[in-house]
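Asks: What would the 3D arrangement of this be:
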Amino acid sequence: MLQILGVNVDLYDPIFQAVLILALLSFLVACSLLKFFAYLTCGFYRGPEDMNGKVVIITGANGGIGYETSKELARRGATVIMACRNLATASKARDDIVRLTKNDKVSVKKLDLSSQSSIREFAADINKTCSRLDVLIHNAGTAEWNLSKTQDNVETTMATNHFGPFLLTHLLIDLLKKSEPSRIVVVASELYRLASLNLDNINPTSSMFPAYLYYVSKYANIVFTMELAKRLELTGVTANCLHPGLIDSGIWRNVAPPLSWGLRLIIWAFFKTPEQGCQTTVFCAVSEELEGVTGRYFMDCAERGVSSGCKSEDKAKKLWELSESLAGLKPTDPKI
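Replies: A predicted model of the protein is given here:
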């Protein structure tokens, strides 16, 4: 016998077992319907654009959305540079993409966005070896469970998700301008709506819930993109950001038990696949509809609005100034 809500229940009672099985089947059917609904409401991009002759950099391309984005752009004929921290995993992903797309213009380069020295080494290599850069896709991201600092004394999530892309954009901006019309695509998230951007503590030393900084970093991504677009007006370089959807991309792998157990169930039931998640990124990177379109936010291959806070000029200016300092931007670096 087991007591549930004050009621004695016989676990071997056929009626109880039948009810339990029915409840479980109902749950599985409901989850299947939700997954099917997620598939139906995903914006799939099927445009015919050919990317032959175009050079694309995708950060965090060894798995999840980044891998699927790399595969799709390689399928369209692009020269794809997979900028990744884990070279072993990235090399295997690269081989898979070449095999599946028959496009051997896919390469892997080392990039750790949490390290300013790594970013500078990567950018120097790109500027030296590439004659053009048509699309820069800021896809890499992390959600840390424990608060930590990088070797540059910057909080790890903010360094990887915002300050790193900020620095990389500056270091590659001249090549992007030279290649115009070119595009910068920033993978943000609707989860930014759960955060506030505290510019008095943008590099926190303590937090009750470090994973919350992921939401903050996505907020910063959007504010950065909107300001970047303004500063790049008339240069031929556009900047747009997007929400890929709730995607089973592995980004929450650092969440510790027991929270991870419930999270895995939620991901299985409600999240979209990485293939579905890459569609809006591809749309922003290649669609002819977006030629000259800049400073916008997209979801499911369609434009969406952002909160008023993301449009604040004062907030954007202050974030930019703080980012120049925390990203390690030097007076001799290119300016935007």
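Asks: Any idea which helix or strand in this structure has the lowest mean pLDDT?
Replies: Least confident helix or strand of the chain, by mean pLDDT, DSSP states H and E, is strand 2-4 with a mean of 51.
Asks: quick one: buried residues of stretch 196-211?
Replies: For stretch 196-211, the neighbour count (16 or more other C-beta atoms under 10 Å) marks Leu197, Ile202, Pro204, Ser207, Pro210, Ala211 as buried. All C-beta atoms are positioned from the backbone trio N, CA, C, and that covers glycine.
Asks: ugh, wrong one, stretch 110-129
Replies: Neighbour-count burial for stretch 110-129 [16+ other C-beta under 10 Å]: Leu111, Asp112, Leu113, Ser114, Ser115, Gln116, Ser118, Ile119, Arg120, Phe122, Ala123, Ile126.
Asks: Which helix or which strand is home to Leu113?
Replies: Counting by DSSP states H and E, no helix or strand carries Leu113.
Asks: In this structure it contacts Asp152, no?
Replies: No. Shown here, Leu113 and Asp152 do not form a contact pair, counting by C-beta atoms under 8 Å, at 11.3 Å.
Asks: Now Asn127: closest residue in space, sequence neighbours ignored.
Replies: Once flanking residues are discounted, Asn127 sits nearest to Leu175: 5.8 Å by C-beta to C-beta, 6 or more residues apart in numbering.
Asks: what's the neighbour count on the one you found?
Replies: Residue crowding around Leu175 was assessed by other C-beta atoms under 10 Å; the count is 21.
Asks: Next: the one 10 residues further on.
Replies: The number of residues packed near Val185 is 27, by other C-beta under 10 Å.
Asks: Tell me how far it lies from Thr156.
Replies: Between Val185 and Thr156 the computed distance is 23 Å (C-beta to C-beta, to the nearest Å).
Asks: for Thr225, same thing?
Replies: 21 Å.
Asks: which of those two has more neighbours?
Replies: Shown here are Thr225 and Thr156; by other C-beta under 10 Å, Thr225 has more neighbours (28 against 17).
Asks: so what sits against both of Leu113 and Asp152?
Replies: Ala159 (C-beta atoms under 8 Å, 6 or more residues apart in numbering).
Asks: hmm, back to that, tell me the helix or strand right after the helix or strand hosting the residue nearest to Asn127.
Replies: Assigned by DSSP H and E, Leu175 belongs to helix 164-178. The C-terminal neighbour of helix 164-178 among helices and strands, as given by DSSP H and E, is strand 182-187.
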